[in-house]
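*Asks:* Pasting the sequence and the predicted coordinates here, then a few questions.
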Amino acid sequence: MNAPAETRKFEAEVAQVLHLVTHSLYSHKEIFLRELISNASDACDKLRFESIARPELLAGEGELHIDVSYDEKARTVTVRDNGIGMSREEVVANLGTIASSGTRRFLEAMSAEQKADARLIGQFGVGFYSAFVVADRVTVLTRRAGTAAGEGVKWESDGKGEYALETVELPERGTAVVLHLKADEDDFLKGWQLRSLIRKYSDHVAFPIRMPREKDGKPTDEWETVNDASALWTKPKSEIGDEDYQSFYKSLGHDFNDALAWTHNRVEGNQSYTTLLYIPSQPPFDLMMGARDERKGLKLYIKRVFIMDAAEELLPSYLRFVRGVVDADDLPLNVSREILQHNRQLERIKAACVKRVLDLIEKLAKDEPEKFATFWKAFGNTLKEGVVEDHANRERIAKLLRFASTRGEGARQVVSLDDYIGRMAVGQDTIWYITADSHAAAAGSPQLEAFKAKGIEVLLMSDRIDEWMLGSLTEYAGKKLRNVAKGELPLDEADRKKQEEAAKAAEPLLKKLKELLGERVSEVKVSARLTDSPSCLALSDYEMAPHLARLLREAGHEMPESKPTLEVNPQHALVRRVETEADEGKAKDLALLLLEQAEIAAGARLPDPAAFVQRMNRVLLG
C-alpha cells in the first residue's frame, strides 16, 4: 500500500542550516552545482558497488551518467542521475532530518566563524541545501534501484520550514533534483554558464556529465558529455597539469582553496595500486572536533570502482588532514570494512601512504620553506600526535617538528630540533625545553633565568599537546630532552659548590618559609634556576606540569592533589624581607605571595584567588 501524501516540518537544526544558507551564502552561489553533481556522483558510485552483489540493479538504462539541463521558460535547472536513488525512508532521513553529526558541525563552524563561508558547504555533508541559495523551491524525484515504478518519491520544499512528501510513479531509477530559480538568478539559465561551471568544478567526476547539445543558442534533444569523465589518478603524470590536479582536489575535498602540495604514485609488481594524496592549505573545520573517530579524507577504489571512505584503514589518525584516493587492483570488490581492518595487502598500502605523505612534508621542509610554514601552522599540532602513535616513524616525525625558542628572532619564529643541536655549546648533551599554556608564559617564565644567563637555548612549548607528546619524545639524535622546571639542574663543580654554600647560608630562611607555608608546600629550597625573580615552582621528573593539570581538571578529569616544591632566590629583596620581617602576619602574607606568584607563573590554579587579592592589597598598603 502506497504511503499517503503528507507535509512535514524540518528538524530544528536543518531549518537553521537552511536559514544560514539562504540568507548568508551570497558569494560563490555556483557552489550548488558542484554539490548536486557530487551527490549524483556518489549515488552512481553506490549503485555500481551494490551491483557487484546484485547485478540486476543495473537493469534498464545503459551506462551510469549525470544529466544537467535547464528550461528558460519554466526557469528551472535539473540535475539528474541514474544511480542508486532513494526510498521514502531514505528521503526523510537525508533531506528532512539530521542524517549525521555533519549538520550540527556545520552550525558550530558557521557560528565560530561569524560569517558566511562557502568552503563550509559540502565539508559537513549538507551540500544539498546549497540548492536554496539560488532556488526558492526545490523538487526531488527519486526511485531506489530494485524497486517498482510505483514506489517513486516526490519531495518538495521552499526551504522555509516544511517539505511535502508523496509517492509517485517513476519509470526510471535514480534521482532528479529540480531547482525553481529565484527571480534574480538568470545567469544559471544559460547553457554556456552551466558548462563552464561543470568544467571548473566537476571536470574530473568519473561519470559522464551530459547536457543537451545547443543549436542557435537553444537546447536540443541530443545529449553531449561536457566533462572529462575519467578518473584523473589513472592517467600518466606526464598528461596531468597542475591545474588538473588542483581542479580534481577541489571537487574531491569540497574546497575553494588550492591544495598546498600533492603526491601521485603508481606501484606495479606483486601488488599494484595507485595513490593520489593531497595536503590542504587550510585545515577543515572539523579537524580537531571528533574527526579522529569520523575521518573521510581518503577514498578507497578497487579497479576504479568506489568502495568506501576508508581513511582510518589507509592512514593513521595523525595524518587525517590528508585528502585523496587509493585505487587498488588486487583487493576483492566485495571487501567489507571488517575485512579491511585485517587485510595484509591494505596494511602494506597504508605503510606506503604514510611514507609518501612524510616524504612530501620533508620535501616541503627542505625545498619550499614558505609552504612548509603554511603546513606547520595548519597541521603541526596534528602531526605531533604521530610522535606518540607511530613508533616506527617517530624519528622522522620528530625531525619535522618546529618550536619557538629563546634564541628565535621575533616572537614566534620556530626552530627544528636539528637547528637546536647545531647550536649546542661544546659538552652540552641535553635539549632543554619548557612547557606553558601560552607563548608569553613560556617566554617569561622565571625558570629560564639561569639558562639565559649562561646562554643556553631553551625551546618554548605552549601547545596543549606538547606535554603529552613529550612523554614519548624523551630523546632525539642521541640527546636527552629535559624540562627546565623538572628535577635537579646539572651543575659544574664551581656552581655546585656555590649552590651548597648558598643553601647552607639560607637554612634559617628556608625553615621559616616552610613553617609559614605549612601544608601548602612539600619543601622549600634555594634555587639554581633563578637570577632575577624571587621564586618559582620545581617539579619532580615525572610530575605533571601545573598548567596541564589545571586544564585536565577544568575538562572534568580527577587529578591527584600534589604539594609543590618552592624554590627561592635568597638574594632577592622580597625574599630578604621575609627573613627580616618580625610581624608574623606580614611575614606569612609575604611567604604566601612568594608561593602564589610562582604558581601563577607556572600556570597553576590558585586555591583562593580572593584571598590572594586581599593579601596583595595588604602588602601594597603595608
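*Replies:* Thanks, I have it.
*Asks:* Could you report the neighbour count for the closest residue to residue 449 other than its chain neighbours?
*Replies:* Nearest residue to residue 449, sequence neighbours excluded (Cβ to Cβ, 6 or more residues apart in numbering): residue 531, at 4.3 Å. To be clear about C-beta, it is placed using only N, CA and C from the backbone, and glycine gets the same treatment. Applying other Cβ atoms under 10 Å, we find 17 residues neighbouring residue 531.
*Asks:* so residue 531, which of the three states?
*Replies:* Secondary structure state of residue 531, per DSSP: H, G, I helix; E, B strand; the rest coil, is coil.
*Asks:* again with residue 139
*Replies:* Residue 139 ends up strand, using three-state DSSP.
*Asks:* now the stretch 1-150 of the chain, which segments are flagged as low pLDDT?
*Replies:* Scanning the stretch 1-150 of the chain for pLDDT under 70 picks out 1-3, 12-17, 19-28, 96-126.
*Asks:* residue ranges for the helices of it, please.
*Replies:* Taking DSSP state H, counting those that start in this stretch, the helices of the stretch 1-150 of the chain run over residues 12-24, 31-53, 88-95, 102-113.
*Asks:* before we move on, what about the stretch 501-622 of the chain?
*Replies:* Under DSSP H, counting those that start in this stretch, the stretch 501-622 of the chain gives helices at 507-517, 546-554, 573-580, 584-601, 609-621.
*Asks:* For the closest residue in space to residue 569 that isn't next to it in sequence, report the pLDDT, please.
*Replies:* Spatially, and ignoring its direct neighbours in sequence, residue 569 is nearest to residue 530 (4.0 Å; Cβ to Cβ, 6+ apart). At residue 530, the pLDDT value in this model is 93.
*Asks:* which ones are touching residue 530?
*Replies:* Contact partners of residue 530, counting by Cβ atoms under 8 Å, 6 or more residues apart in numbering, are 446-447, 449-450, 536, 567-569, 572.
*Asks:* Which pair of the residues you listed spans the longest distance?
*Replies:* 447 and 572 (14.7 Å; Cβ to Cβ).
*Asks:* Tell me which of the two has more neighbours.
*Replies:* residue 447 (27 against 18).
*Asks:* Next up, phi/psi of that one, please.
*Replies:* phi -70, psi -10 (degrees, to the nearest 10).
*Asks:* Next one: it from residue 545, what distance?
*Replies:* 11 Å (Cβ to Cβ, to the nearest Å).
*Asks:* one step back: out of the helices of the stretch 501-622 of the chain, nearest to residue 524?
*Replies:* helix 507-517 (4.5 Å).
*Asks:* Check which helices and strands the closest one is in contact with.
*Replies:* Applying 3 or more Cβ pairs under 8 Å, 6 or more residues apart in numbering; DSSP states H and E, one finds that helix 507-517 contacts strand 523-526, strand 565-568, helix 573-580, helix 584-601.
*Asks:* who's in contact with the third one?
*Replies:* Contacts with helix 573-580, where a contact means Cβ under 8 Å, 6+ apart, come from 508-509, 512-513, 516, 534-535, 568-570, 587, 590-591, 593-594.
*Asks:* Can you say which two of the residues you listed are spatially most distant?
*Replies:* For those, and using Cβ to Cβ, no pair is farther apart than 508 and 593, which are 19.9 Å apart.
*Asks:* More neighbours: which of the two?
*Replies:* A count of neighbours by other Cβ under 10 Å puts residue 593 above the other of residue 508 and residue 593, at 19 against 9.
*Asks:* which residues do residue 447 and residue 545 both contact?
*Replies:* Common contacts of residue 447 and residue 545 (Cβ under 8 Å, 6+ apart): residue 485.
*Asks:* Can you report how many residues neighbour the closest residue to residue 132 other than its chain neighbours?
*Replies:* With Cβ to Cβ, 6+ apart as the criterion, residue 132 has its nearest non-adjacent residue at 4.1 Å, and that residue is residue 159. As a burial measure, residue 159 scores 22 neighbours (other Cβ under 10 Å).
*Asks:* Please tell me I have it right and residue 159 contacts residue 138.
*Replies:* Yes: using Cβ atoms under 8 Å, residue 159 is in contact with residue 138, at 7.1 Å.
*Asks:* Just name the shakiest helix or strand of this protein by mean pLDDT.
*Replies:* Taking mean pLDDT, DSSP states H and E as the measure, the chain has helix 102-113 as its least confident helix or strand, at a mean of 50.
*Asks:* per-residue pLDDT, residue 572?
*Replies:* 95.
*Asks:* List phi and psi for it.
*Replies:* Torsion angles, degrees, to the nearest 10, at residue 572: phi -80, psi 140.
*Asks:* how far away is the nearest residue to it once chain neighbours are set aside from residue 442?
*Replies:* Nearest residue to residue 572, sequence neighbours excluded (Cβ to Cβ, 6+ apart): residue 534, at 3.9 Å. Separation of residue 534 from residue 442 (Cβ to Cβ): 20 Å.
*Asks:* Likewise for residue 576?
*Replies:* Residue 576 is 29 Å from residue 442, by Cβ to Cβ.
*Asks:* Compare the two (neighbour count), which wins?
*Replies:* The residue with more neighbours, out of residue 576 and residue 442, is residue 442; 25 against 14, by other Cβ under 10 Å.
*Asks:* Quick one: closest of the helices and strands packed on helix 507-517 to residue 181.
*Replies:* Nearest to residue 181 among those is helix 584-601 (60.7 Å), distances taken as Cβ to Cβ.
*Asks:* report the angle between the axes of the closest one and helix 609-621?
*Replies:* Interaxial angle of helix 584-601 relative to helix 609-621 (axes from the mean of the first three to the mean of the last three Cα atoms, to 10 degrees): 120 degrees.
*Asks:* gap between helix 584-601 and the chain center?
*Replies:* Its chain's C-alpha centre and that of helix 584-601 lie 42 Å apart, by Cα atoms, centre = their mean, to the nearest Å.
*Asks:* Over to stretch 300-320?
*Replies:* Computed by Cα atoms, centre = their mean, the chain-centroid distance of stretch 300-320 equals 17 Å.
*Asks:* Just the C-alphas of it, formatted as PDB.
*Replies:* What follows is stretch 300-320, C-alpha atoms only, in PDB (Å, rounded to 0.1, in the frame of the first residue of the first chain):
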ATOM      1  CA  LEU A 300      39.200   3.700  -1.500                       C
ATOM      2  CA  TYR A 301      38.700   2.400  -5.100                       C
ATOM      3  CA  ILE A 302      39.200  -1.100  -6.400                       C
ATOM      4  CA  LYS A 303      39.800  -1.200 -10.100                       C
ATOM      5  CA  ARG A 304      38.300   2.300 -10.500                       C
ATOM      6  CA  VAL A 305      35.100   1.200  -8.500                       C
ATOM      7  CA  PHE A 306      34.500   3.400  -5.500                       C
ATOM      8  CA  ILE A 307      34.200   1.100  -2.400                       C
ATOM      9  CA  MET A 308      34.100   3.400   0.600                       C
ATOM     10  CA  ASP A 309      35.500   6.300   2.500                       C
ATOM     11  CA  ALA A 310      38.200   4.400   4.300                       C
ATOM     12  CA  ALA A 311      40.600   7.000   5.800                       C
ATOM     13  CA  GLU A 312      41.100   5.100   9.000                       C
ATOM     14  CA  GLU A 313      42.200   2.000   7.200                       C
ATOM     15  CA  LEU A 314      44.500   3.900   4.800                       C
ATOM     16  CA  LEU A 315      46.200   6.500   7.000                       C
ATOM     17  CA  PRO A 316      46.800   6.800  10.800                       C
ATOM     18  CA  SER A 317      44.900   9.400  12.700                       C
ATOM     19  CA  TYR A 318      47.700  11.900  12.900                       C
ATOM     20  CA  LEU A 319      47.600  12.200   9.100                       C
ATOM     21  CA  ARG A 320      43.800  12.700   9.000                       C
END
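*Asks:* Same question for that stretch: list its buried residues.
*Replies:* If you call a residue buried by 16 or more other Cβ atoms under 10 Å, then stretch 300-320 has these buried ones: 300-302, 306-320.
*Asks:* Since that was my last question, I'll sign off now.
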